[in-house]
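In: Here you go, sequence then predicted model.
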Amino acid sequence: MTTAPRHSGQWLWIFAAAFCAAALLLPFIGPFGLDFGRVRAREEPDWSILIQLRLSRTLLGLCAGGALSLAGSLFQAMLRDALATPYTLGISAGASLGAVVAIWLGLQQIAGMPAIWMAALAGAAVVLALVVGGALQQRRVSAFSLLLTGLAANSMCSALIIVVYGLVSPTKSFSMTRWLIGSIDSVDYTALAGFVAMIALSAAIVMRQARSWNLMAVDPSWAATRGAHLNRLMLSGFGAGSVLTAATVALTGPIGFVGLVVPHVIRTRIGADHRVLMPCAFLGGGVLLAGCDAIGRVIVAPSEIPAGAVMAILGGPYLVWVLRQRSAL
Amino acid sequence: MSIRLGIENVAWRVGGRAVLSGVSLEVGEGEVVAVMGRNGAGKSTLLDIVAGLRQSTGGVVRFNDRPAADWSPRERARLIAHLPQAVRPDLPFLACELVLMGRYPHTDRWFESDEDRAAVERAMRRTDCWGLRDRLVQTLSGGERQRVLLAACFAQSPQLLLLDEPSSHLDIDQQLHCFSLLREERERGVACLAVTHDLNLALTYATRIIVLAEGGVALDVPVEEASQRTDWLHLFSPRLTLSTTASGRSWVAYE
């Protein structure tokens, strides 16, 4: 197979344009038709629906999708596996366990923030500490030991979630199920600003090292013999990737597939050069998740399908197709 | 820039077994050293230790009289290129992207300069793989991939080449081409350690032959001497003899 020479730069502009277009247009999609004239005149309720509900929700979708997709492309490079996801290392399982425990205990607020967010972040932090601690026992942080400790964390957290499930009332178990599917909801702008700041910082840390991720994606010893600081690279990647994942999962619940599907599709189109792939994955993932959320709120209006479910319905068949392609190789 | 590699008493033990126990040798610029020995003799281990991929369990490695531990990974990568036995990227990289990665230690630019691209083209033309530049690495045959990896080493413009079986997967003509490239590098002062199992390639193209056996250096002689002696052939197999070709070259024959 021959690929034409890549003009990678132009892809960045295309994705950036799609991202901006999504931010501007998606807030107008919803069960309640907005009148453009009334919005311009800032008349209620159209203005509030647009700004307070739909815009914040769209921005959350864009950033959450971007963060998950970027984290996916990062972990795929770090673990050298095109099927790795932000959830492979157990971070989101930890966050889910934290959230489920918060629902179980009926906590409303911790330190002035919604209890589910704080508990999810705490759960992710515990898993992060366990996995990094486990992997650091050896002198080197290897992809393999990260994968194994992540696997252990994943199955332990899932088991504990099932235990908690058995202890709660049907009402609570319903809200747990709902949370575990993952959805984008309107958030207030203070929380959104904090979230965006965290995502922007970790995304910058990850993308700044894009040249090193290229080396890492080939082989760790390939990276080492070309002058990369292996341990420093693995730790900063794991740290920043975990923040991207944990912050997102805390706000939206574990939304599957975006971290797998988006980097994979983009890679097949524009190649594996992470200097272009990573920003494109961020922009593309954001557009896809915000788009899925917009579909979910109109397709069975007046009720809603959570964005996580829309993603899974679209992503499930795609994953099967990817696996078929792989076995054909 | 010149290179002097000093290996002093290097040992490597794993699981109670001493793969290397006290290997010492010095390699200076312009040497093409064939590192030989039977399976499991520690050839790749020795190269990995010099490349910094493994920590020796004893002894010290020096580059230009400075202990390896004092070199930053980046400084070391400007000085040394390592060709591993196998690289199989799972992600869809193009051949030219793989070779471009050789420029990593030389620049801080986000995208490579025209100068870097020129170095890549030169390296790929030399190893006869410029035509493969837009192919996905996954779709290359073993020999094609080997040439691309060798080009990546040349693109790194090192002073010391560490090649772990550079001629594996190559057809005969490409094997000869590969080793004559090492002779060319020698003219530019580059030193080279190449692991190979082909005694005749070593006798034809190397300047020095080192045989590892039982954890140590069993033979370390200039190639002229090796082609006069027969007492070292038993280190590989009892079924080898040294003969002379019509053009007067020494040639190892099988019985």
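Out: That came through fine.
In: Tell me who's in contact with residue A:279.
Out: Contacts for residue A:279 (C-beta atoms under 8 Å, 6 or more residues apart in numbering or on different chains) come out as A:12, A:15, A:207. Just so you know, the C-beta spots here come from the backbone N, C-alpha and C atoms, and that holds for glycine as well.
In: Can you tell me the element it falls in?
Out: Secondary structure from DSSP states H and E places residue A:279 in helix A:274-298.
In: Just the buried residues of that helix, please?
Out: Residues of helix A:274-298 classed as buried by neighbour count (16 or more other C-beta atoms under 10 Å in any protein chain shown): A:274-297.
In: Equivalent analysis for stretch B:15-30, please.
Out: Under the neighbour-count criterion of 16+ other C-beta under 10 Å, stretch B:15-30 has B:18-21, B:23, B:25, B:27, B:29-30 buried.
In: with these in mind, which one is nearest to residue A:78?
Out: Proximity of the buried residues of stretch B:15-30 to residue A:78 (C-beta to C-beta) peaks at residue B:19, which lies at 29.4 Å.
In: contacting residues around the nearest residue to residue B:41 once chain neighbours are set aside?
Out: Take residue B:41 and drop its neighbours on the chain: the residue closest to it by C-beta to C-beta, 6 or more residues apart in numbering or on different chains is residue B:212, 4.3 Å away. Residue B:212 makes contacts with B:20, B:23, B:35-37, B:41-43, B:46, B:218, as judged by C-beta under 8 Å, 6+ apart.
In: looking at this, residue B:212 is in a helix?
Out: No: checked against DSSP: H, G, I helix; E, B strand; the rest coil, residue B:212 lies outside a helix; its state is strand.
In: Who does it form a beta bridge with?
Out: When assigned by DSSP bridges, residue B:212 has beta-bridge partners residue B:37, residue B:217.
In: And it, how close does it get to residue B:53?
Out: The spacing between residue B:212 and residue B:53, counted by C-beta to C-beta, to the nearest Å, is 18 Å.
In: Got phi/psi on the residue nearest the centre of chain B?
Out: The residue lying closest to the centre of chain B (C-alpha atoms, centre = their mean) is residue B:163, at 1.8 Å. Main-chain torsions, residue B:163, degrees, to the nearest 10: phi -110, psi 120.
In: Show the contacting residues for it.
Out: With contact taken as C-beta under 8 Å, 6+ apart, residue B:163 is in contact with B:47, B:82-83, B:150, B:153, B:182, B:192-195.
In: Break down the chain into its strands, ranges please.
Out: In the absence of a named chain, this looks at chain A. Using DSSP state E, the strands of chain A run over A:109-110, A:113-114.
In: Hmm, no, I was thinking of chain B.
Out: When assigned using DSSP E, the strands of chain B occupy the ranges B:4-14, B:17-28, B:32-37, B:58-63, B:66-67, B:80-83, B:160-164, B:191-195, B:208-213, B:216-222, B:240-244, B:250-254.
In: Present these as TSV; the columns should include mean pLDDT.
Out: TSV is the format used below for these (pLDDT from 0 to 100):
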stretch	mean pLDDT
strand B:4-14	94
strand B:17-28	93
strand B:32-37	96
strand B:58-63	94
strand B:66-67	94
strand B:80-83	96
strand B:160-164	96
strand B:191-195	96
strand B:208-213	96
strand B:216-222	95
strand B:240-244	90
strand B:250-254	90
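In: With distance to residue A:98 added, can I get those in TSV?
Out: Listed next are the strands of chain B as TSV, based on distance: least, C-beta to C-beta, whole Å:
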stretch	distance to residue A:98
strand B:4-14	41
strand B:17-28	46
strand B:32-37	54
strand B:58-63	47
strand B:66-67	48
strand B:80-83	44
strand B:160-164	47
strand B:191-195	52
strand B:208-213	55
strand B:216-222	57
strand B:240-244	67
strand B:250-254	68
